[in-house]
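Novice: Dropping a prediction and its sequence here:
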Amino acid sequence: MAHLSSAIFRLAALTLAGLFLASGPSAAQEQLALKGGKIVPVSRPPIDGGVILIRDGKIEAVGKDLAIPSDYRVIDAKGKVILPGFIEAHSSRGMDQANERNDNVPFLSVVDAIDPGQEYFEDCLRNGVTTVAIVPGNDTMFGGQAAVIKTAGGFVDQMIVKRQAGLKISLKPALTRSRMSHLVSLRKELDAARDALQELANKPATTTPARSVQTPQRDDEEQSAEPQQPLPATRGTQEGATESPIDVSIRREALVRLLKGEVPAFIYCDAAMDVPHALKLTQEYKLKTILVLGHECYKAAKLVAASKLPVILDPTLVFWETDPRTGEDKKIIVPKVYRDAGVKMTFQVTGIAGGTSFRAPDLPATLGTSYLWYQAATAVKYGLPAPDALEAITLRPAQVLGIDAMSGSVQPGKDADLVVLTGDPLKINTWVHSTLVRGKVVYERDKDRKLPHLLPATKEKVSAR
Amino acid sequence: MKRVVHLALLSLLVLVLPIRAEDLLIRAAKVYTMAGAPLEPGAVLVAGGKVAKVAAKLEAPEGAKVIDLGSGVLMPGLIDAHSNAGVTGSLAEMTREVTPDYRVLTAIDWRARAFREHLGEGTTCLGVYPGTDAVVAGLACAVKTAGSKQVVTKETGLVITMASDPASGNSARSRPDSIYVRHPTNRMGVVWVLRSTFDKANRQRTPDLAVVREALAGTRRLYAVSRTEHDLVALLRIAKEFKFAPTIVGGQEAYKVREQLSAAKLSVILGSLTTTSSLTGPEQSEVAWNLPVQLHETGVAFALSGGHLLEQARFAVRYGLPPEAALTALTRTPARLLGLDKRVGTIEPGRDADLLALDGDPLELTTSIRWVLVDGIMYEKGY
């Protein structure tokens, strides 16, 4: 009996593995040609009535009057507008939970929590978002490792673009904690990691830094064959006494990688007062910082501008503030403030992730802030030129995430992540006609069976037919 | 004492603010008068806080300031027919279910930020309502979002709630004589309270129910907060029985009874469609972004309400509503549903000079507001 069940199990496993292979990106892929649309490459001026050739998931050629080889399937894009797929540089959705309860977990990776079955990914494709950086939430001091993924793929390993995209650091203290003690423990950890790094540098070159306990490696990444050696735990952490040396060491390891500059830091600033601390930490520990700015940080716009660091804005782009003393009200238009200060920004959207709302409850919500294109349109409404706004949801986030060699614009050699719109971008009646990820059509509005169900009023009509 | 200080402050404000509206001639590439086809180009003369003339072309009379919007667009100030703006404290009486002669006007804080938020979004006139915790909550009013004389009508109509709100949170306690014991505790109770109140109003000539009697007789408007299908059906039944014609407020599932609403010629002040998190509205009703177009196609008159009016209209258009219908739902229809169609909602001679100037098409996401005029007084962008 035991034999039989194990045989069945093995068979099932084999079948599963087969399925995996069949659906993998390496399977023979059809070559495509998008013909006749207006192409907005973002990296250069738009091309009217151009052709995009797609081969093996990559953009092969872009231009007017391109000869289309006979083995390419031609998609008629006449009257459509084609843009690079939108990119969101910071999202804490698509996971089972945005924040870990323990707030010092730099060794965790979102890869282990991403659920490709969540509606979030469907909505991404429906709205032309082809790449997102999934980043741990804003409530954890060291929240873990972010990952850049494509929004289509079915299994997380097929979606990953960058497995280690950055470490999330939050300057927002936990509820019962003061900012003083929050910063002290943050620095303590970073100092300890710096000491460990120093010690490693002083050791003879025979020992390679251990890289074991963290996330699974990518196949193409070289795996260290040498025995794992825990890093020295020089200084104690706050709870040091009760922790095993291994816990300390894996934590340190993640931070060592940060200090070596192997990964950037996503530093979340909740209030304007956190910004100078973020800049100081960046300088002292030589971090590659990406600033994730809460809505109140607009007050530090000049400081942010001077730092020249990449910036991801809070989803709340417009809000009201009342001076408690004078009673004076001010409408704060966040993208305008940063633009006037000369900051190049990128956007993120509102959403619920693991029960954490990223919108402060007292701030007004409008329909659109859950769409990246809406955020760009809002910035245009308040004075940002439209090409700039489009760049802020395509090429710029690609640069921020360090994936601009493969994404962010319609250019030969880049991944064929494209969004085909029914009309000009940022117009109210423009819809996503189809979305392509790595040269595959992964969304078509005509075939979106769920769309009517997102509009209850048509549900009856649909079922009545 | 406090009141004296308030009065002093108010009179100070009156002195500081420009109370006398200048005469203005406004030219724009397009003027949506909402009383006939838009004028392209158009011009509007404002004198003494009222619209004096509207035409494709107008010459400026002596002393009038000329404002040329260039490629900009002019339309009537927006009207939000359902709001709780400025109402301070609890929105409804918590110890009684039937308070028909309560006036929400008496609870408004005129310095509330909400007025400036609405003004900043292009809204010039608001219907202000008591809350929904009482079955018969009292009398709503209509106010402007700015100016020295904000009250338009002290009483627009009686507000009743045919929803679960008055029942939610109530439960039988151990001490029945406590003020905390309230009924109804369920929907049956809400319907019963309504019926018995209407019945009493019809049979007894007590002065405290005079307001209810007038609402039933149709000499006063009757606003009924009702959202889900079964509440709307119950409301229709009671309305038929007691022969009154309510204006429905909320109506998130109105599309399910749209044929009945159309047959009964009832209008709806749609509750806010703005939600970011899920597809459910109050009471877990379904939020349908194409609800406006469904009502439009069935011939049910509706107004959009609940703030962010332009954004709501834009999304209603995105989901199929014709642009003219969307603009009507922000101006003429809410004016009519507040009983103010002789004063606001269109740009016609004699109407209040409540105007909204925009950079371009009001229904595009990228269009911004230049300024708002309330009773002829200009409030600049960013306010």
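Specialist: Yep, it's here.
Novice: If we go by neighbour counts, what in whichever strand or helix holds residue B:196 is buried?
Specialist: Assigned by DSSP states H and E, residue B:196 falls within helix B:187-203. For helix B:187-203, burial by neighbour count (16 or more other CB atoms under 10 Å in any protein chain shown) applies to B:187, B:189, B:190, B:191, B:193, B:194, B:197, B:198, B:201. Yep, even glycine has a C-beta here, placed from its N, CA and C like the rest.
Novice: any idea how far the fifth one lies from residue B:98?
Specialist: Shown here: residue B:193 relative to residue B:98, a distance of 7 Å by CB to CB, to the nearest Å.
Novice: Give me the common contacts of those two.
Specialist: Taking CB atoms under 8 Å, 6 or more residues apart in numbering or on different chains as the contact rule, residue B:193 and residue B:98 both touch B:135, B:136.
Novice: helices or strands next to the longest strand anywhere in chain A in the packing?
Specialist: What stands out as the longest strand in chain A, according to DSSP state E, is strand A:160-170. Under the contact criterion of 3 or more CB pairs under 8 Å, 6 or more residues apart in numbering or on different chains; DSSP states H and E, strand A:160-170 touches strand A:129-134, strand A:142-150, helix A:245-259, strand A:265-269.
Novice: what is the orientation angle of that strand with helix A:245-259?
Specialist: If you take axes from the mean of the first three to the mean of the last three CA atoms, to 10 degrees, strand A:160-170 sits at 100 degrees to helix A:245-259.
Novice: Following the chain onward from strand A:160-170, which element is next?
Specialist: Note on strand A:160-170: by DSSP H and E, the next helix or strand toward the C-terminus is helix A:179-202.
Novice: okay, the angle between that following helix and helix A:245-259?
Specialist: Relative orientation of helix A:179-202 and helix A:245-259, computed by the same axes, to 10 degrees: 90 degrees.
Novice: Report the buried residues of helix A:179-202.
Specialist: Of all the residues in helix A:179-202, those buried under the rule 16+ other CB under 10 Å are A:182-183, A:185-187, A:189-190, A:192-194, A:196-197, A:200.
Novice: just the helices and strands packed on strand A:160-170: most buried one?
Specialist: Highest mean neighbour count of these: strand A:129-134, a mean of 28 (counted as mean count of other CB atoms under 10 Å in any protein chain shown).
Novice: tell me the least confident of the buried residues of helix B:187-203?
Specialist: Lowest pLDDT among these: residue B:187, with 85.
Novice: all helices for the stretch 301-450 of chain A, in order.
Specialist: Counting by DSSP state H, counting those that start in this stretch, one finds helices in the stretch 301-450 of chain A at the ranges A:301-307, A:334-341, A:372-381, A:386-391, A:395-401.
Novice: can I get those helices in CSV with distance to chain B?
Specialist: Formatted as CSV, the helices of the stretch 301-450 of chain A follow (distance: least, CB to the nearest CB, whole Å):
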stretch, distance to chain B
helix A:301-307, 17
helix A:334-341, 10
helix A:372-381, 4
helix A:386-391, 7
helix A:395-401, 19
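Novice: looking at these, which is closest to residue B:353?
Specialist: Ranking the helices of the stretch 301-450 of chain A by proximity to residue B:353 (CB to CB) places helix A:372-381 first, at 25.6 Å.
Novice: counting contacts, what elements does the closest one pack onto?
Specialist: Partner elements for helix A:372-381 (3+ CB pairs under 8 Å, 6+ apart): strand A:86-91, helix A:334-341, helix A:386-391.
Novice: Swap in 6 Å and give it another go.
Specialist: Helix A:372-381 is packed against helix A:386-391, with contacts defined by 3 or more CB pairs under 6 Å, 6 or more residues apart in numbering or on different chains; DSSP states H and E.
Novice: Which residues does the helix it packs on contact?
Specialist: Contacts to helix A:386-391, defined as CB atoms under 6 Å, 6 or more residues apart in numbering or on different chains, come from residues A:42, A:376, A:379, A:380.
Novice: And that helix, what's buried?
Specialist: So helix A:386-391, judged by 16+ other CB under 10 Å, has buried residues A:388, A:389, A:390, A:391.
Novice: Just the local confidence number for the third one, please.
Specialist: The predicted local confidence for residue A:390 comes out at a pLDDT of 98.
Novice: show me what contacts the most centrally placed residue in chain B?
Specialist: Geometric centre of chain B, nearest residue: residue B:81, 0.9 Å, by CA atoms, centre = their mean. Residues near residue B:81 by CB under 6 Å, 6+ apart: B:127, B:269, B:303, B:305, B:334, B:337, B:338.
Novice: redo that, cut-off 10 Å
Specialist: Contacts for residue B:81 (CB atoms under 10 Å, 6 or more residues apart in numbering or on different chains) come out as B:125-127, B:129, B:140, B:142, B:156, B:223, B:247, B:249, B:267-270, B:302-306, B:309, B:329-330, B:333-338, B:340.
Novice: if you look at these, which of them are in strands?
Specialist: B:125-127, B:140, B:142, B:156, B:223, B:247, B:249, B:268-270, B:302-304.
Novice: Excluding residues flanking it in the chain, which one is nearest residue A:186?
Specialist: Leaving out its chain neighbours, the residue that sits closest to residue A:186 by CB to CB, 6 or more residues apart in numbering or on different chains is residue A:141, at 5.9 Å.
Novice: ok, now which ones touch that neighbour?
Specialist: Residue A:141 sits next to A:102-106, A:168-174, A:177, A:182-183, A:185-186, A:189 when contact means CB under 10 Å, 6+ apart.
Novice: ok so residue B:166 is a helix residue?
Specialist: Yes - per DSSP: H, G, I helix; E, B strand; the rest coil, residue B:166 lies within a helix segment.
Novice: which intervals of chain B have sub-threshold pLDDT?
Specialist: B:1-20, B:169-182, B:274-288, B:381-383 (pLDDT under 70).
Novice: can you check chain A too?
Specialist: Counting by pLDDT under 70, the low-confidence segments of chain A come to A:1-28, A:204-244, A:246, A:351-367, A:452-465.
Novice: for it, which residue is closest to the average position?
Specialist: Nearest to the geometric centre of chain A sits residue A:133, at 1.2 Å (CA atoms, centre = their mean).
Novice: Could you report the distance from residue B:77 to residue B:69?
Specialist: Using CB to CB, residue B:77 is found at 15 Å from residue B:69.
Novice: the more surrounded of the two?
Specialist: Using other CB atoms under 10 Å in any protein chain shown, the more surrounded residue of residue B:77 and residue B:69 is residue B:77, with 26 against 20.
Novice: any idea how far residue A:148 is from that one?
Specialist: Counting by CB to CB - residue B:77 and residue A:148 are separated by 47 Å.
Novice: How about residue B:130, nearest residue that isn't a chain neighbour?
Specialist: Per CB to CB, 6+ apart, closest to residue B:130 is residue B:137, 4.1 Å.
Novice: Need the three-state assignment for that neighbour.
Specialist: strand.
Novice: do you know how far it is from residue B:234?
Specialist: For residue B:137 relative to residue B:234 (CB to CB), the value is 18 Å.
Novice: now swap in residue B:371 and tell me
Specialist: Counting by CB to CB, the gap from residue B:371 to residue B:234 is 45 Å.
Novice: Residue B:380 now?
Specialist: Separation of residue B:380 from residue B:234 (CB to CB): 47 Å.
Novice: now stretch A:124-135, how far from the chain's geometric center?
Specialist: Distance of stretch A:124-135 from the chain centroid (CA atoms, centre = their mean, to the nearest Å) equals 8 Å.
Novice: what about that stretch, start to end distance?
Specialist: 16 Å (CA to CA, to the nearest Å).
Novice: Over to stretch A:389-404?
Specialist: Using CA to CA, one end of stretch A:389-404 lies 17 Å from the other.
Novice: now swap in stretch B:35-49 and tell me
Specialist: For stretch B:35-49, the first-to-last residue distance is 19 Å (CA to CA).
Novice: can you check stretch B:235-255 too?
Specialist: Stretch B:235-255 has an end-to-end distance of 15 Å (criterion: CA to CA).
Novice: does that stretch come close to chain A?
Specialist: Yes - with CB under 10 Å from any CB of the partner chain as the criterion, chain A is reached by stretch B:235-255 at B:252, B:253, B:254, B:255.
Novice: Which of these lies at the shortest distance from chain A?
Specialist: residue B:255 (4.3 Å; CB to the nearest CB).
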